[in-house]
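Participant: what's the 3D shape of this:
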Amino acid sequence: MPMTVRSRDPRWFLVFRLGVAVLALVPLLMLLGRILARDLGPDPGQVITESFGLAAFQLLLATLCMTPLKRWTGWSGWIRVRRMLGLFAFFYACLHVLSFLQFILGWTDLWATFTKRPYIILGAFAFLSLVPLALTSTKGMVKRLGKRWKPLHRLIYVAVVFAWLHFVWQARSDIGDMVGYGVMLVCLLVLRGVWFGWSTLIPLIKG
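Facilitator: Coordinates of the predicted model:
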């Protein structure tokens, strides 16, 4: 069956959507496997926290990839899973924050620790930028916000940039992976700016 015909089949899209959801859950399943196998090394809390944070960042990048993929392939299915990927990113970000508080930072004297570790502030800004996106991700909120919805959801660009800076700042030596992610992020932002105008990268304003 030709791809153009099959891609319009709702059953095919359901399988595709399910496959994307399964892939988004892979980091969690892999981490659970390592926990059950007791294969987290001498600092399990650090491994858990970093795994959740990296998964959230990777899914944010994947979310940004949906528009280029739609433009290059002409298939709207990429856009139809974009919101789901964004919610998975927020899910992992919540797990990252909770595990960070539980295993590394602790739940007491938060302000003093925040001011001593600037990279935590960057991570907090990234997480807080995602909160309104998750809260307004439903179809009802899209209709309620109307033209204000798109400018609000450009906060994803703020979130992903702060998340990248958060990882780079706390890296002690090996930042090779983050450099690669940074190049990818810059390319995605440049594509967006060239295709739709640079003002579309700025949240909360029409453009």
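
Participant: going forward, measure contacts and count neighbours with C-alpha atoms only.
Facilitator: Will do.

Participant: report the longest helix in the chain, please.
Facilitator: When the chain is parsed with DSSP state H, its longest helix is helix 44-73.

Participant: show me the shaky parts of this structure.
Facilitator: 1-8, 106-116, 172-173, 207 (pLDDT under 70).

Participant: mind redoing it with 90?
Facilitator: Along the chain, the parts satisfying pLDDT under 90 run over 1-13, 41, 100-121, 169-177, 204-207.

Participant: so what's the spatially most central residue of the chain up against?
Facilitator: In the chain, the centroid-proximal residue (CA atoms, centre = their mean) is residue 60; its distance is 2.3 Å. By CA atoms under 8 Å, 6 or more residues apart in numbering, residue 60 lies in contact with 85-86, 89, 156, 160.

Participant: please repeat the previous calculation with a cut-off of 10 Å.
Facilitator: If you count contacts by CA atoms under 10 Å, 6 or more residues apart in numbering, residue 60 has them with 54, 82, 85-90, 130, 156-157, 159-160, 163, 185.

Participant: and residue 100, by the same measure?
Facilitator: 45-46, 48-50, 52-53, 94, 106-107, 120.

Participant: can you check residue 65 too?
Facilitator: Residue 65 neighbours (CA under 10 Å, 6+ apart): 59, 78-79, 82, 184-185, 188.

Participant: helices - which of these land there?
Facilitator: 59, 78-79, 82, 184-185, 188.

Participant: I'd like those as JSON lines, with distance to residue 146 and neighbour count appended.
Facilitator: Formatted as JSON lines, those follow (distance: CA to CA, whole Å; neighbours: other CA atoms under 10 Å):
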{"residue": "59", "distance to residue 146": "26", "neighbour count": "23"}
{"residue": "78", "distance to residue 146": "22", "neighbour count": "21"}
{"residue": "79", "distance to residue 146": "18", "neighbour count": "18"}
{"residue": "82", "distance to residue 146": "18", "neighbour count": "19"}
{"residue": "184", "distance to residue 146": "31", "neighbour count": "14"}
{"residue": "185", "distance to residue 146": "28", "neighbour count": "20"}
{"residue": "188", "distance to residue 146": "26", "neighbour count": "16"}
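
Participant: give me the buried positions along the helix or strand containing residue 95.
Facilitator: Element membership for residue 95, per DSSP states H and E: helix 82-100. For helix 82-100, a neighbour-count test (16 or more other CA atoms under 10 Å) marks 82-90, 92-100 as buried.

Participant: and the nearest residue to residue 92 once chain neighbours are set aside, how many neighbours?
Facilitator: Counting by CA to CA, 6 or more residues apart in numbering, residue 56 is the residue found nearest to residue 92 once chain neighbours are left out, at 5.0 Å. Using other CA atoms under 10 Å, the number of residues around residue 56 comes to 29.
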